[in-house]
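Visitor: please work out how this folds:
(one chain, ligands or ions: 1)
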Amino acid sequence: MSANAQDATVAGAMLRSGLAPADARVLMRAVLNVDDAFLVAHPEHVLDAAQLARFRAMAVRRREGEPVAYLTGEREFYSLNFRISPAVLIPRPETELLVEAALARLPEDGSSRVLDLATGSGCIAIVLARHRPRAQITATDISAEALALARDNAAAHRARIEFIQSDWFASLAARRFDVIVSNPPYVALADPHLSEGDVRFEPRQALVAGPKGLDAIETLVEHARDHLAAGGWLLFEHGYDQGVCAQAMLGAAGYEQCFTLRDLAGQPRVSGGLTPSRHHL
Ligand code: GLN
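Guide: Numbering: from 1, shown residues only. Below you'll find the predicted structure:
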């Protein structure tokens, strides 16, 4: 095979892409709509001209830093595949901890009312809906674009979810829930990691929350009380250095049984608290 012809094979195109092998594999899988086993079994498979052009264009964008998930338009979370676009945060493994904290507080056969604030791609709400089919799940986002994507994801996974466009609690009137979850923005305005890696391409609105990254968490802690049923839980994700602060805020606002969980990297990542059963906080 000539060098040019080799460029059009799976192995050749991946090798010449200049990408890390793991990235090249994800893009090639997306272009050919195949799994890893196919790539391993058929390194000599020849791409047609359109596939090769698409792979090369994606490789250029990846080399310029665009996240793989935005190039392929999908990412797995809690063993489900989600459509992703630059209008939403790319689901992260540490957020699975928040899902687990919520599942632990949702009875398997009960019809709890659950609220997911700032749902983005909808991944948290949809996983909860799949695991707790009798729960009544409401999900909000301020972004119409994010909500449209979350609706598509919910339809693809046949998850029954009520979607509401809302700036935090603004459009929820006096409604109350048994569990409120959120992966809010929690990065500080001047955090240097905003100019590194995938984060550069993600929506600022989903990442940044004021000078210390605590503005959204403050809103959650303060207003969730008015939207939780007696004995209801507020659970949220936060930065690795915000655990102590999150607990202090929950405690000061009158939540009980406050806790913080560590992610797989050992960082404090999810905190929560319970509204007292005698409700007047
Ligand atoms: N964990 C993300 C990051 O540090 C931030 C996600 C968020 O703000 N919810 O990049």
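Visitor: all strands in the stretch 51-200 of the chain, in order from the N-terminus.
Guide: Taking DSSP state E, counting those that start in this stretch as the criterion, the stretch 51-200 of the chain carries its strands at 74-77, 80-83, 113-117, 136-141, 161-165, 177-182.
Visitor: so which of those gets nearest the ligand?
Guide: The closest of the strands of the stretch 51-200 of the chain to the ligand is strand 177-182. By CB to the nearest ligand atom, the value is 8.8 Å. C-beta coordinates here come from the backbone N, C-alpha and C atoms, glycine included.
Visitor: domain parsing for the chain?
Guide: Structural domains assigned to the chain are 3-64, 79-274, following automatic domain parsing.
Visitor: redo those as JSON lines? Include distance to the ligand and mean neighbour count.
Guide: Shown next, in JSON lines, are those (distance: least, CB to the nearest ligand atom, whole Å; neighbours: other CB atoms under 10 Å):
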{"stretch": "domain 3-64", "distance to the ligand": "19", "mean neighbour count": "15"}
{"stretch": "domain 79-274", "distance to the ligand": "5", "mean neighbour count": "19"}
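Visitor: can you lay out those as TSV showing mean pLDDT?
Guide: Formatted as TSV, those follow (pLDDT from 0 to 100):
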stretch	mean pLDDT
domain 3-64	95
domain 79-274	97
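Visitor: now these as JSON lines including distance to T72?
Guide: Output for those, formatted as JSON lines (distance: least, CB to CB, whole Å):
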{"stretch": "domain 3-64", "distance to T72": "4"}
{"stretch": "domain 79-274", "distance to T72": "8"}
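Visitor: now stretch 92-111: how far from the chain's centre is it?
Guide: Mean C-alpha position of stretch 92-111 versus that of the full chain (CA atoms, centre = their mean, to the nearest Å) differs by 14 Å.
Visitor: who's in contact with it?
Guide: Contact with stretch 92-111 is made by 77-78, 112, 114, 123-124, 127-128, 131-132, 134-136, 178-179, 181, 183, 233, 235-237, 261, 263-265, 267, 269-270, 272, as judged by CB atoms under 8 Å, 6 or more residues apart in numbering.
Visitor: and the domains of the chain: which comes nearest Y70?
Guide: With CB to CB, the closest approach to Y70 among these belongs to domain 79-274: 5.4 Å.
Visitor: just confirm A30 contacts T72, I think it does.
Guide: Yes - under the criterion of CB atoms under 8 Å, A30 makes contact with T72 at 4.0 Å.
Visitor: circling back: closest to S171 out of the strands of the stretch 51-200 of the chain?
Guide: Of all those, it is strand 161-165 that lies closest to S171, at 5.5 Å by CB to CB.
Visitor: strand partners of the closest one, parallel vs antiparallel please.
Guide: strand 136-141 (parallel) (DSSP bridges).
Visitor: can I get the partner strand in PDB, CA atoms only?
Guide: Provided in PDB are the C-alpha atoms of strand 136-141 (Å, rounded to 0.1, in the frame of the first residue of the first chain):
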ATOM      1  CA  GLN A 136     -41.600  13.000  40.200                       C
ATOM      2  CA  ILE A 137     -38.600  14.800  38.700                       C
ATOM      3  CA  THR A 138     -38.400  18.500  37.800                       C
ATOM      4  CA  ALA A 139     -35.300  20.000  36.200                       C
ATOM      5  CA  THR A 140     -34.500  23.600  35.600                       C
ATOM      6  CA  ASP A 141     -32.000  25.700  33.700                       C
END
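Visitor: quick one, the lengthiest strand in the chain and strand 177-182 angle?
Guide: The residue-count maximum for a strand in the chain (DSSP state E) belongs to strand 228-237. Angle of strand 228-237 versus strand 177-182, following axes from the mean of the first three to the mean of the last three CA atoms, to 10 degrees, is 20 degrees.
Visitor: after strand 228-237, which helix or strand is next? Please name it.
Guide: Where DSSP states H and E defines the elements, the next helix or strand beyond strand 228-237 is helix 243-252.
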